[in-house]
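>>> Sequence below, structure please.
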Amino acid sequence: MIRLLLVAALFVMALGCSKQASENPPVSMGTDLSESEKLNNWFEGQYSEKLEFSPIELTFQGRKELYDKIDDFSLSAEREKIAWMLASVSEMKNKFDYAQLTSEAKTSYDLWIYSYEMAKAGEPYAEHGYIFNQMNGLHSFLPTFLISFHKVESEEDMIAYNARIEGVARGLGQLLDRAIAATKKQVRPPRFSYEIVITEIEKLISGRPFDNSESDSPLWADAKKKVAELVEKQAVEQSVADILLEHAREALLEKFEPVNRDIIAFLVADLQNTSERSSGVHALPNGLAYYNYCLQLMTTTALTAEEIHALGLKEVERLRADILAVKEQSGFDGDLSEFFAMIRDSKGDERFYYPDTDEGRQGYLDDATQAIDNIKVSLPQYFGMLPEADLDVRRVEAFREQDGAAQHYFPGTPDGSRPGIYYAHLSDMTAMPKNKLEVVAYHEGLPGHHMQISIAQELDSIPTFRRQEHFTAYVEGWALYSEYMAKEIPGTYADVYAEFGRLNSEIWRAIRLVVDTGLHAKGWSEQQAIDYFLENTPAPVEGVRSEVRRYLVMPGQATSYKIGMLDIIRLRTLSEQQLGEGFDIRGFHDTILGGGALPLPLLQRRVDQWLEAGLSTH
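Numbering: from 1, shown residues only. The predicted structure follows:
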């Protein structure tokens with residue numbers, strides 16, 4: 001999955017910040033340009049303005065404008081951004097003739113409108129999202145952002161870093177105000193989420209300079225590391241370094257620590273208002289309408305909760321039959337539930353798990369890297385477009401690492417200065433079965449998230465805004481499709497248990513369709529969802545519980561994977577049927593990847609156009 005911290009980053013953009021005058025005015029529109037060229041130039045100017053709503057997104061893209069700023073997380077700023085989007089769409093409609101646009105330019109035009117319409121449709125539910133939660137809460141995203149994405153290459157960069165510590169404190173205060181306001185409307189996450197968030201924040205404000213312990217807190221350790229590197233490369237004198245560090249210490253003690261202690265105090269006091277029984281969002285005021293919006297946002301379709309639930313049940317049944325066949329192939333003497341139990345209870349058996357030691361953790365990282373390196377050799381046979389950006393495999397930072405939590409991907413920068421990062425939670429190796437290593441590496445790395453996102457960022461045939469779009473059904477659908485199509489590549493899933501891992505990964509996503517809709521639309525309990533999982537997968541209980549709790553705080557998101565995958569497979573099957581021997585797998589994949597992330601209806605249109613061109617040449 002693309003890290004839910006990236007989802008947090010998208011949440012950041014949705015919240016917006018106060019608008020400033022553009023430093024990047026639109027490109028001049030000469031009279032000799034076509035209507036499509038004029039529109040693309042206009043998009044560049046509009047996107048530059050849109051980026052000013054999010055200094056964080058600018059940094060994600062490797063840029064240093066507004067480098068000392070953090071986004072405005074207030075509700076009024078969110079409304080201001082939606083108003084800006086409306087004005088932008090209105091200007092586009094008045095300024096450009098749709099009929100004169102190329103098909104690619106029409107897609108950009110329609111996408112600009114679609115993004116506004118989805119933001120506007122979500123306005124009634126601005127206070128329904130859980131501000132502080134264990135998956136994409138900004139309390140953990142913002143420190144991770146400073147540590148991993150704010151590069152310090154000069155004294156000015158470190159001054160900006162210190163200013164951002166103060167900005168983070170301000171932003172967290174705004175989020176605390178929103179969380180308090182939400183509770184007055186009876187909107188709060190389940191109790192377990194509060195408890196996890198409290199622990200996460202306590203880790204952030206434990207250690208020096210917050211107390212007299214021997215270890216440094218995460219941000220203080222990062223500040224010291226960044227300043228030490230400046231001294232080492234002689235970018236600053238030691239006397240300047242001392243001042244920079246003192247300013248960082250003051251910002252942490254005087255701004256960052258107090259607001260985080262306020263958040264903990266609020267969460268502790270509000271714990272008594274949470275229920276021991278975790279409920280889906282159907283229990284919130286206007287909760288079912290909110291969930292329907294979440295499904296539309298995440299799947300980019302009009303599928304209802306009932307339709308998605310039924311589809312999930314059907315897919316689980318189909319995949320159970322495939323898993324049964326693999327069980328028979330393995331030679332295991334017992335039924336499917338016993339097979340699941342054997343794998344689930346084999347902790348300590350090095351056939352199925354890595355040792356829960358530092359050596360075991362490094363072994364996981366090494367083997368995941370090897371799996372990605374192996375598949376890379378064969379990719380040119382299946383893809384015309386290949387990414388230029390590098391990919392690193394890393395362990396999640398200690399302060400946000402969770403036992404059994406999902407592995408995830410952080411995109412690199414468009415210019416390649418920062419590689420893509422595939423992160424793994426390795427605090428509990430008993431929650432990391434070996435049979436899933438290969439399939440996850442293909443999902444997060446190649447040909448999954450890293451390939452798709454890197455190619456999108458490297459495209460020069462579409463406007464910049466489309467290179468950075470993220471539609472969950474497309475992005476996660478592609479990554480799940482990548483798991484599936486990797487089976488066609490020689491040398492993959494060679495071991496029977498690796499193939500079982502692939503099928504288990506796919507049925508996991510099918511189960512999500514059942515469980516997510518069960519929790520949020522059908523009134524399922526947390527335990528009911530856990531039990532359904534355990535009936536259909538060998539996943540450890542800890543990992544299943546972590547997954548179900550993820551769905552409870554992120555309604556609808558988990559449905560996007562299977563919906564997107566099934567649609568890409570449908571489009572491939574359609575293409576194979578229509579083109580027959582003229583079907584080219586590289587051409588199909590390049591068509592899917594060559595327009596950036598798209599809502600599924602626009603992806604359908606793109607494939608239809610490719611098919612029409614292919615059929616006309618036969």
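>>> The protein: strands as residue ranges?
With DSSP state E as the definition, the chain shows strands at residue ranges 391-395, 408-410, 420-424.
>>> Show me how far the shortest one is from its chain's centre.
By that I understand strand 408-410. Between the centre of strand 408-410 and the centre of its host chain there is 7 Å, according to Cα atoms, centre = their mean, to the nearest Å.
>>> How about stretch 447-461?
Using Cα atoms, centre = their mean, the mean C-alpha position of stretch 447-461 is found 15 Å from that of the whole chain.
>>> circling back: of all the strands of the chain, which lies closest to Ala302?
Closest approach to Ala302 among those (Cβ to Cβ): strand 408-410, 28.4 Å. Using the backbone N, CA and C atoms, a C-beta is placed for each residue, glycine as well.
>>> Can you find the helix or strand in this protein with the smallest mean pLDDT?
Confidence across the helices and strands of the chain bottoms out at helix 4-15, with a mean of 39, counting by mean pLDDT, DSSP states H and E.
>>> picking that back up, go through the strands of the chain and find the least confident stretch.
Ranked by mean pLDDT, the strands of the chain end with strand 408-410 in last place, scoring a mean of 90.
>>> residues in contact with stretch 103-118?
35-36, 39-40, 43, 46, 82, 85-86, 88-89, 92, 96, 98, 101, 296-297, 461-463, 465-466, 469, 595, 598-599, 602, 605-606, 609 (Cβ atoms under 8 Å, 6 or more residues apart in numbering).
>>> Ala335: what's it in contact with?
For residue 335 the amino acid is Asp, not Ala. No residues are in contact with Asp335 under the rule Cβ under 8 Å, 6+ apart.
>>> if I look at it, how far off is Arg320?
The spacing between Asp335 and Arg320, counted by Cβ to Cβ, to the nearest Å, is 12 Å.
>>> same thing with Leu571?
Distance, Leu571 to Arg320, by Cβ to Cβ: 26 Å.
>>> residues near the closest residue to Phe465 other than its chain neighbours, how many?
Excluding its sequence neighbours, the residue lying closest to Phe465 (Cβ to Cβ, 6 or more residues apart in numbering) is Tyr47, at 4.2 Å. Tyr47: 19 surrounding residues under other Cβ atoms under 10 Å.
>>> show me the contacts for Tyr47.
With Cβ under 8 Å, 6+ apart as the criterion, the residues that contact Tyr47 are Pro463, Thr464, Phe465.
>>> and Leu86, how many residues sit next to it?
Neighbouring residues of Leu86 were enumerated by other Cβ under 10 Å; the total is 14.
>>> next one: Val89
Val89 is flanked by 19 other residues according to other Cβ under 10 Å.
>>> nearest spatial neighbour of it, skipping sequence neighbours?
Closest residue to Val89 in three dimensions, ignoring its sequence neighbours and counting by Cβ to Cβ, 6+ apart: Tyr116, at 4.9 Å.
>>> Could you report the distance from that neighbour to Tyr47?
Following Cβ to Cβ, the distance that separates Tyr116 from Tyr47 is 13 Å.
>>> What residue, apart from its backbone neighbours, is nearest Ala223 spatially?
Taking Cβ to Cβ, 6+ apart as the measure, Ala223 lies nearest to Ala248, with 4.1 Å between them; neighbours along the chain are not counted.
>>> circling back: can you tell me how far the residue nearest to Phe465 is from Lys95?
Going from Tyr47 to Lys95 by Cβ to Cβ gives 16 Å.
>>> in stretch 362-378, what counts as buried?
For stretch 362-378, the buried set under the neighbour-count rule, 16 or more other Cβ atoms under 10 Å, comprises Gly363, Tyr364, Leu365, Asp367, Ala368, Thr369, Ala371, Ile372, Asn374, Ile375, Lys376, Ser378.
>>> Of the residues you listed, just say which sits nearest to Glu388.
Using Cβ to Cβ, Lys376 is the member of the buried residues of stretch 362-378 that lies nearest Glu388, at 12.6 Å.
>>> Can you give me every residue that contacts that closest one?
Going by Cβ under 8 Å, 6+ apart, Lys376 touches Leu446.
>>> any idea of the pLDDT on it?
According to the model, Lys376 scores 94 on pLDDT.
>>> Also the one 10 residues further on?
In this model, Leu386 is scored at 95, pLDDT.
>>> Check Ala431 too.
pLDDT, Ala431: 83.
>>> With adjacent residues omitted, what lies nearest to it?
Using Cβ to Cβ, 6+ apart, the nearest residue to Ala431 is Gly404, at 3.7 Å.
>>> For Glu155, see how far away the one you found is.
Gly404 is 42 Å from Glu155, where distance means Cβ to Cβ.
>>> Likewise for Leu297?
From Leu297 to Glu155 the distance is 42 Å (Cβ to Cβ).
>>> These two - which one has more neighbours?
For the pair Leu297 and Glu155, the greater number of neighbours falls to Leu297 (20 against 17), based on other Cβ under 10 Å.
>>> does the more buried one really touch Gly122, like I thought?
Yes - with contact defined as Cβ atoms under 8 Å, Leu297 counts as touching Gly122 (6.8 Å).
>>> Give the residues shared as contacts by the two.
Listed contacts common to Leu297 and Gly122 are nil; contacts here mean Cβ under 8 Å, 6+ apart.
>>> Tell me how the chain divides into domains.
By the record's domain assignment, the chain is partitioned as 129-276, 289-564 (automatic domain parsing).
>>> Save the ones you listed as JSON lines, and put in distance to Trp112 too.
Supplementary listing: the domains of the chain in JSON lines, determined by distance: least, Cβ to Cβ, whole Å:
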{"stretch": "domain 129-276", "distance to Trp112": "24"}
{"stretch": "domain 289-564", "distance to Trp112": "8"}
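>>> most neighbours per residue, which of those?
Of the domains of the chain, the one with the most neighbours on average (mean count of other Cβ atoms under 10 Å) is domain 289-564, at a mean of 20.
>>> List just the nearest of the contacts of Tyr47 to Ile308.
The shortest distance between Ile308 and any of these, using Cβ to Cβ, involves Phe465 and amounts to 29.3 Å.
>>> Contacts only, for the closest one.
The contact partners of Phe465, by Cβ under 8 Å, 6+ apart, come to Phe43, Gln46, Tyr47, Lys50, Ser108, Trp112.
>>> repeat for Tyr423
Arg3, Arg394, Arg395, Val396, Gln407, His408, Tyr409, Phe410.
>>> and it, what are its bridge partners?
According to DSSP bridges, Arg394, His408 are recorded as the beta-bridge partners of Tyr423.
>>> Quick check, the residue nearest to Ala223 in contact with Ala163.
No - with contact taken as Cβ under 8 Å, Ala248 and Ala163 are classed as non-touching, separated by 10.3 Å.
>>> What sits closest to Leu295 if chain neighbours are left out?
When the adjacent residues along the chain are set aside, Leu295 lies closest to Gly556, with 4.7 Å between them (Cβ to Cβ, 6+ apart).
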